[in-house]
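Enquirer: quick check, what structure comes out for this input:
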Amino acid sequence: IDNSGSVLEKIAGLYAERLMSDIVLLVGQREFPAHRLILCASSDVFQVMLMNPRWNESREQRILLQEAPECVEVFELFLRYLYTGRLKISHSTVLPILALADKYNVKDLVDTCGRYMKLHVVSASQQNYLIAWLEYTLTCGHSEIAQVCLNHLKWNFEQVAGREDFASCDIDLLTTVLAQHDLVIHDEMTLYNIVVSWLHRQEERLSLPTPVATPGEPPPSFVPQSSSSALEGVFIPPPPMSITPSCGKLYLRRDSTASSCTDPVDRMEWLTYEVMKFVRFPMMTPRQLADLLLVPLTIKYKEFFVTRMAIGMSFHSAPSSSFSLLLLSSPSLLIYPPSTANLSFA
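Expert: You can find the predicted model right below:
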């Protein structure tokens, strides 16, 4: 005899009818009556919080939970899953639900969200969720999901770069992708234009009356160049959650307001140097290199770009021995893909 389905329906009824609840969860402006037994059976974090006498929550009847706004919106879905094991997720809800599953260590729900994300990477990119998914999964150690998202980003870079959410790409993630030997791109000039577009978006964000923090931050030692856990044994995801108002999606990133480069001009200079050093100017044609002389960004940071453009021209015009000497004199310049680093130019 197997009446497990009937038992599950009865447990679900406890949630639906709010029967015999012995605790109230305060989330945002809402109250959720719940049962300690169900919470503790479903979540290691709730088990410690509600059963360990060292925690004040173990003695309280009403518990305030601090959640990000997106997580507040889906908390009812999350709580219902703990009772029923059923959940309807979408591109817009899977990330905040995964964040709650991570926070409260609901392992089966983490696996469910992970499977959904891996199956819907393409459509997530089309709907401006790919960057958020990738940054979160990288930050919280969901390596399999992150790899699927990263592969899609690398192999469809031009398409993804044209999406709205690409402007929110963290600089660490962007530079990591730019350094990949299997990055698929039409040519280096296309890559240059994508980076310029990303920089323009960051400049727009900094120029707002209340500036939106640009993704990533310069190290404390950066000097602008001249232009001429308490729950032992329980997983708690480390970084705080912050929100990008323009897209209204969940992101995890560093707070760049603490950066030493508080001046927008200095910050843009740092961002430009950090991302443009991954553009391989020798991979451009002489005509493309000449066209760069008229680009406003090149004119603005003339010293930075002219050095790299000169190396690019030398690659095309100078004898291989001269170019090899130039490489030796500038060992810090990233001017060719990593896969060609050991090739001989003789």
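
Enquirer: list of residues touching stretch 141-157?
Expert: Contact with stretch 141-157 is made by 98, 110, 114, 117-118, 121-122, 124-125, 130-131, 133-134, 136-138, 160, 177, 180, 182-185, 191, 194, as judged by C-beta atoms under 8 Å, 6 or more residues apart in numbering. The C-beta positions use only the backbone N, C-alpha and C, and glycine is treated the same way.

Enquirer: so Leu64, which of the three states?
Expert: What DSSP: H, G, I helix; E, B strand; the rest coil gives for Leu64 is strand.

Enquirer: contacts only, for it.
Expert: When contacts are counted by C-beta under 8 Å, 6+ apart, Leu64 touches Leu26.

Enquirer: can you check the one 3 residues further on too?
Expert: Residues in contact with Glu67, defined by C-beta under 8 Å, 6+ apart, are Val27, Gly28, Phe75, Leu100.

Enquirer: farthest-apart pair in these, please.
Expert: Using C-beta to C-beta, the two most remote members of these are Gly28 and Leu100, lying 12.9 Å apart.

Enquirer: shared neighbours, these two?
Expert: Residues touching both Gly28 and Leu100 by C-beta under 8 Å, 6+ apart: Glu67, Phe75.

Enquirer: looking at those two, which one has more neighbours?
Expert: Neighbour count, other C-beta atoms under 10 Å: between Gly28 and Leu100, Leu100 has more, with 27 against 14.

Enquirer: helix/strand/coil for the closest residue to that one other than its chain neighbours?
Expert: The shortest distance from Leu100 to any non-neighbouring residue, by C-beta to C-beta, 6 or more residues apart in numbering, is to Phe78 (4.7 Å). Following three-state DSSP, the label given to Phe78 is helix.

Enquirer: give the contact list for Phe78.
Expert: Cys71, Ile97, Leu100, Ala101, Leu109.

Enquirer: relative to Cys71, how far out is Arg62?
Expert: 19 Å (C-beta to C-beta, to the nearest Å).

Enquirer: of the two, which one has the most company?
Expert: Set Arg62 next to Cys71 and count neighbours by other C-beta under 10 Å: Cys71 wins out with 22 against 10.

Enquirer: I figured that one was touching Leu100, is that so?
Expert: Yes: under the criterion of C-beta atoms under 8 Å, Cys71 makes contact with Leu100 at 5.4 Å.

Enquirer: helices and strands of the chain: which one bottoms out on pLDDT?
Expert: Here the helix or strand of the chain ranked lowest by mean pLDDT, DSSP states H and E is strand 242-244, holding a mean of 33.

Enquirer: so what pLDDT did Pro282 get?
Expert: pLDDT recorded at Pro282 is 87.

Enquirer: you'd agree it is in a strand?
Expert: No: per three-state DSSP, Pro282 lies outside any strand segment and is helix.

Enquirer: that one and His316 touch, don't they?
Expert: Yes: taking contacts as C-beta under 8 Å, Pro282 lies within contact range of His316: 7.5 Å.

Enquirer: compare neighbour counts for the two and give me the winner.
Expert: Pro282 (20 against 12).

Enquirer: distance of that one from Ala34?
Expert: As judged by C-beta to C-beta, Pro282 and Ala34 stand 62 Å apart.

Enquirer: related to what we said a few turns ago, so which of the contacts of Glu67 are in strands?
Expert: In this view, the contacts of Glu67 that belong to strands under DSSP state E are Val27.

Enquirer: what residues are up against the residue nearest to Val24 when sequence neighbours are not counted?
Expert: Leaving aside its sequence neighbours, Val24 sits nearest to Arg62 (C-beta to C-beta, 6+ apart; 4.6 Å). Counting by C-beta under 8 Å, 6+ apart, Arg62 makes contact with Ile23, Val24, Leu26, Glu31.

Enquirer: sec struct for the last one, please.
Expert: Applying three-state DSSP to Glu31 yields a three-state assignment of strand.

Enquirer: could I get the full set of strands for the stretch 101-250 of the chain?
Expert: For the stretch 101-250 of the chain, strands defined by DSSP state E, counting those that start in this stretch occupy the ranges 242-244, 249-251.

Enquirer: the last one: what's the following helix or strand?
Expert: I take that to be strand 249-251. Per DSSP states H and E, the first helix or strand lying C-terminal to strand 249-251 is helix 264-276.

Enquirer: measure the residue nearest to Val24 to Ala179 for me?
Expert: For Arg62, the distance to Ala179 - C-beta to C-beta - is 50 Å.

Enquirer: so where's the stretch 201-346 of the chain shaky on pLDDT?
Expert: 209-262, 318-346 (pLDDT under 70).
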